[in-house]
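In: Structure for the following, please:
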Amino acid sequence: MQDLMIWSALSDIPAPQRQPYIQAFSDINSAWIKRYFVLEEKDKKTLGDPETYVLNTGGDVLFGCIHNTVAVTCSLLKINDDLYELSKMGVAEAYKGQGLASLLVPQAIATATRMGAKTLFLESNRRLTNALAIYERHGFKEVPMQDTPYARADIRMEITL
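Out: Residues are numbered from 1 along each chain as shown. This next block holds a predicted model:
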């Protein structure tokens, strides 16, 4: 599967060709959020307009594609010059169970590092045990919760880059 994966970033895709990627980012993430929780205001903004709420604030959206189909995606949100958030990581239903999230996390870490991040954090929910295990395998450690816009978030994890 790895050899079929093509990685791309929304910022590298010409603006007129971005819409299918933006739609996939929204569809993949809306599906898992609705399955376990409810879409919150920040979800709606980020998923509805990642160019404004991610790219224009210094972040990016990453995609792993198989045969020209987005299979896995996440966003990197710039909080400040040193701090980025790994957010909205999801796998398309047709590709679940194939280890794609485990392939995406190192891509996200490498991209955040290239963007200048010193620390990468994420907020999640303890119900998402598979996701938490993936983050731990890639070096994320639980840290105390901070103020968050997400009602569902009950765990914060960080990695120093």
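
In: any idea how far the residue nearest the centre of the chain is from residue 107?
Out: Centroid-nearest residue in the chain, with Cα atoms, centre = their mean: residue 74, separated by 2.3 Å. Distance, residue 74 to residue 107, by Cβ to Cβ, to the nearest Å: 9 Å. Backbone N, C-alpha and C define where each C-beta goes, glycine included.

In: Common neighbours of the two, please.
Out: Contact criterion Cβ atoms under 8 Å, 6 or more residues apart in numbering; residues bridging residue 74 and residue 107 by contacting each: residue 62.

In: Which parts of the chain are strands?
Out: 5-9, 60-66, 69-78, 83-91, 119-124, 141-143, 155-160 (DSSP state E).

In: rewinding a little: got a list of what the residue nearest to the centre of the chain touches?
Out: Contacts for residue 74 (Cβ under 8 Å, 6+ apart) come out as 61, 62, 86, 87, 88, 89, 90, 104, 108.

In: Adding distance to residue 16, neighbour count and pLDDT, write the residues you listed out as JSON lines.
Out: Output for those, formatted as JSON lines (distance: Cβ to Cβ, whole Å; neighbours: other Cβ atoms under 10 Å; pLDDT from 0 to 100):
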{"residue": "61", "distance to residue 16": "16", "neighbour count": "26", "pLDDT": "98"}
{"residue": "62", "distance to residue 16": "20", "neighbour count": "24", "pLDDT": "97"}
{"residue": "86", "distance to residue 16": "28", "neighbour count": "28", "pLDDT": "98"}
{"residue": "87", "distance to residue 16": "26", "neighbour count": "22", "pLDDT": "97"}
{"residue": "88", "distance to residue 16": "23", "neighbour count": "26", "pLDDT": "97"}
{"residue": "89", "distance to residue 16": "26", "neighbour count": "23", "pLDDT": "97"}
{"residue": "90", "distance to residue 16": "25", "neighbour count": "24", "pLDDT": "97"}
{"residue": "104", "distance to residue 16": "26", "neighbour count": "25", "pLDDT": "95"}
{"residue": "108", "distance to residue 16": "26", "neighbour count": "21", "pLDDT": "97"}
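
In: Now do residue 6 against residue 69, distance only.
Out: Per Cβ to Cβ, residue 6 is found 10 Å from residue 69.

In: longest helix anywhere in this protein?
Out: helix 19-36 (DSSP state H).

In: in the chain, what spans have low per-residue confidence?
Out: Counting by pLDDT under 70, the chain has low-confidence residues at 1-4.
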